[in-house]
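Trainee: Here is my input, please return the structure:
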Amino acid sequence: MTQPVKRFIAGAVCPKCSTMDTVRAFELDGQLYRECVSCDFSDEMDAQQGVDNELPTRVNQSDKLVFDEGEQVVKLIN
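Mentor: Down below sits the predicted model:
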């Protein structure tokens, strides 16, 4: 049996030891797993987990930022 390909998740923080960039993910028999290389943490990942628990940021919010002045044309002068 071949070993699954384990890939590090950039910027991920381990829920147990709170160390950044030590969590790696892999798939085994159609199920997603994650594990930490600095402690003994490991668990199954839910496929919808990342979507439902996403923190709101300026990038993923659907509301457009509204300014009092409205949109204006910027002219560049040489």
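
Trainee: rest of the way, CA atoms for contacts and neighbours
Mentor: Noted.

Trainee: which intervals of the chain have sub-threshold pLDDT?
Mentor: Regions of the chain meeting the criterion pLDDT under 70 cover residues 1, 47-56, 58, 60-70.

Trainee: Pull the residues that contact stretch 18-29.
Mentor: With C-alpha atoms under 8 Å, 6 or more residues apart in numbering as the test, stretch 18-29 has contacts from 4-14, 32-38.

Trainee: In ChimeraX, how would I select just the buried ones from those residues?
Mentor: In ChimeraX syntax, the buried subset of the contacts of stretch 18-29 is picked out as below (16 or more other C-alpha atoms under 10 Å):
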select :8,14,33,34,35,36
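
Trainee: Pretty sure residue 43 sits against residue 16.
Mentor: No. At 11.1 Å, residue 43 does not count as touching residue 16 under the criterion of C-alpha atoms under 8 Å.

Trainee: Which residue is the nearest non-sequential neighbour of residue 41?
Mentor: residue 35 (5.6 Å; C-alpha to C-alpha, 6 or more residues apart in numbering).

Trainee: beta partners for the one you found?
Mentor: In this structure, residue 35 bridges to residue 24, residue 42 when assessed by DSSP bridges.

Trainee: how near is it to residue 26?
Mentor: 9 Å (C-alpha to C-alpha, to the nearest Å).

Trainee: And the helices in this protein?
Mentor: Ranges of helices in the chain, per DSSP state H, are 49-52.

Trainee: Run through the strands of it in chain order.
Mentor: Using DSSP state E, the strands of the chain run over 7-8, 23-28, 31-36, 42-45.
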